[in-house]
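Peer 1: sequence first, then the predicted structure, then my questions.
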Amino acid sequence: MQKIPFLVVLLITGYGFAQSLHPLEPTKNHYLELQQLDATPNVERSELDKRSFTPNEYRSVSLSYILMAPAYLTTEQVEELKNSMAFPANSSDQTQAELDFLLEWQAKRTPAQEKRASQVLAPVGYWPHMDVKKDHERYKKNVRDLMFEGREVLGEECTAANYPATFKLLQGVTKDMRIMEFTVKYHLLRARPYVLEPKLQPLAIMGSPSFASGHTLWAYIQAFTWSELVPNKREQFLDLAYEIGESREIMGIHYPSDEEAARVLAHGMLTAMWSNPKFQGDLKAAKGEWR
């Protein structure tokens, strides 16, 4: 898998404070092990390289995010990040090992793990288009979901009403995350793992391309943002993001490389946002709520 090039971490002084973005932690666990394998096409499985997410599966809501204007990123940054992404070939030794890994999860996952992954973590997610009208049937859930990681780590008092500046910052960050998610997905059109491996019995059938994992991209860009606001809780936020990413593997709907790419992409996005004065202003206001 091609890695996102690390962008220069900037020191911001224009708002009366200096703060650098925490560096990205090294790849670990099975993600590191799988990355050691050959990601290039294997001629013995070349038929798999013909499979991709097909146009008849496109969904208008997800495609509409590609047309939106970002909150903190520039369109040039979105393009740069998009073009830095690549996934292991379908026929590669790495992808084969990842499919075997998902089959192992399928054999050992417990009912409790399945419930946590599919009924607790899977339904959580913030969608900017649902904020347009407050009488939208999912408006209240959408607002609540945006603060999910904060509540999980910091407690139930972590709400939009109690922390409006934090909520505003997360709105902008997560809007850009959705734009980035579908820009990358529809650029690369990676087939879901159960399309390549018929033995997989996923806990859901997904309506978007596989790479990179949107749920994991959301989990990590939130975790990275929250840990800039509450630095002493960084480990807990990253542990939660890791669990959310792993839950997609438990469900059989994402390759491990989808998760790791999303983690790296999330940090690349936040690094790119760091030079935006509007982002820094919103970050400063949000940090003021946590002093």
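Peer 2: Received it, and whenever you're ready, just let me know what you need.
Peer 1: what pLDDT is listed against G14?
Peer 2: Note on G14: pLDDT of 37.
Peer 1: ugh, typo on my part, it should be V143
Peer 2: At V143 the predicted local distance difference test score is 95.
Peer 1: for it, give me its contacts.
Peer 2: For V143, the contact set (Cβ atoms under 8 Å, 6 or more residues apart in numbering) comprises 131, 160, 167. Every C-beta, even on glycine, is put in place using the N, C-alpha and C of the backbone.
Peer 1: ok, of those residues, which come out buried?
Peer 2: Buried members of these, counted by 16 or more other Cβ atoms under 10 Å: 160, 167.
Peer 1: what about the contacts of V143, which are in helices?
Peer 2: F167 (DSSP state H).
Peer 1: closest to Y31 among the contacts of V143?
Peer 2: When the contacts of V143 are ranked by distance to Y31 (Cβ to Cβ), F167 comes first, at 31.1 Å.
Peer 1: the closest one and M147 touch, don't they?
Peer 2: Yes - between F167 and M147 a contact is recorded at 6.8 Å, counting by Cβ atoms under 8 Å.
Peer 1: what do those two both touch?
Peer 2: Here F167 and M147 share the contacting residues A160, scored by Cβ under 8 Å, 6+ apart.
Peer 1: okay, now Q96: neighbour count?
Peer 2: 20 (other Cβ atoms under 10 Å).
Peer 1: what do you get for the one 10 residues further on?
Peer 2: Residue neighbour count, defined by other Cβ under 10 Å, stands at 18 for Q106.
Peer 1: so it is in which element?
Peer 2: Using DSSP states H and E, Q106 sits within helix 93-108.
Peer 1: mean confidence score for that helix?
Peer 2: The average pLDDT within helix 93-108 is 98.
Peer 1: buried ones in that helix, by neighbour count?
Peer 2: 93-99, 101-103, 105-106.
Peer 1: Y220: what's its closest spatial neighbour, skipping adjacent residues?
Peer 2: Computed as Cβ to Cβ, 6 or more residues apart in numbering, the closest residue to Y220 that is not its neighbour in sequence is A266, at 3.7 Å.
Peer 1: quick one, what contacts that neighbour?
Peer 2: Taking Cβ under 8 Å, 6+ apart, we find A266 in contact with 177, 216-217, 220-221, 223-224.
Peer 1: columns neighbour count on top of the residues you listed, output as JSON lines?
Peer 2: Output for the contacts of A266, formatted as JSON lines (neighbours: other Cβ atoms under 10 Å):
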{"residue": "M177", "neighbour count": "30"}
{"residue": "T216", "neighbour count": "27"}
{"residue": "L217", "neighbour count": "28"}
{"residue": "Y220", "neighbour count": "30"}
{"residue": "I221", "neighbour count": "27"}
{"residue": "A223", "neighbour count": "26"}
{"residue": "F224", "neighbour count": "23"}
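Peer 1: can you count the residues close to S20?
Peer 2: By other Cβ under 10 Å, 11 other residues sit near S20.
Peer 1: one more: the one 10 residues further on?
Peer 2: Taking other Cβ under 10 Å as the neighbour definition, H30 ends up with a count of 16.
Peer 1: distance of it from I250?
Peer 2: Using Cβ to Cβ, to the nearest Å, we find H30 at a distance of 13 Å from I250.
Peer 1: check P26 too.
Peer 2: Counting by Cβ to Cβ - P26 and I250 are separated by 23 Å.
Peer 1: R51 now?
Peer 2: According to Cβ to Cβ, R51 stands 23 Å off from I250.
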